[in-house]
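In: 3D, please:
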Amino acid sequence: MSTPARAKLSQGGALAAATTAAATILCCLPFAAGVLGAGVAAAGAHLAPLRPYLTAVSLLFLAISFHQAYRAPVSCRTEGCDAGPPSRRYLCVTVWVVAVLVVLLLTASWWASWLIYWTL
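Out: Okay, the predicted model is just below:
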């Protein structure tokens, strides 16, 4: 077999392997997503009795992070400061973003059913 013919056959084999892999992924991906969703639902069912405790812990950590973000640094307490460094501003923005995410996740049982109803 000549070299050009061998190159064409190897390219054809690579193309066949790629299409087989794509077909396998497209066929098995919905099944894998379903299995993953069932696993997460089962784990959530086991954690449901702990929900009040986990909520209290998350709110406690959120309160601690707000305290850390907005308390005056020791150097500002003695000398006085006009504005904090830019990293403190990023810290405050990050704390607020996390606070919004925590509130959304804690209230998901109230608004998720409404969202699903109106999007389907």
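In: and the next helix or strand past the lowest-mean-pLDDT helix or strand in the chain?
Out: The least trusted helix or strand in the chain, going by mean pLDDT, DSSP states H and E, turns out to be helix 74-79, with a mean of 62. Moving toward the C-terminus from helix 74-79, the next helix or strand (DSSP states H and E) is helix 86-106.
In: neighbours of V93, just the number please.
Out: 11 (other CB atoms under 10 Å). Every C-beta, even on glycine, is put in place using the N, C-alpha and C of the backbone.
In: any idea how far it is from L59?
Out: V93 sits at a distance of 20 Å from L59 (criterion: CB to CB, to the nearest Å).
In: helix or strand right after the longest helix along the chain?
Out: Under DSSP state H, the helix in the chain containing the largest number of residues is helix 3-47. Following helix 3-47 in sequence order, the next helix or strand is helix 51-70 (DSSP H and E).
In: what angle separates that next one from helix 86-106?
Out: Relative orientation of helix 51-70 and helix 86-106, computed by axes from the mean of the first three to the mean of the last three CA atoms, to 10 degrees: 160 degrees.
In: so where's this structure shaky on pLDDT?
Out: Within the chain, the stretches with pLDDT under 70 are 1, 72-86.
In: now A23: how far from L120?
Out: For A23, the distance to L120 - CB to CB - is 29 Å.
In: R51 too?
Out: From R51 to L120 the distance is 26 Å (CB to CB).
In: with T20 instead?
Out: 34 Å.
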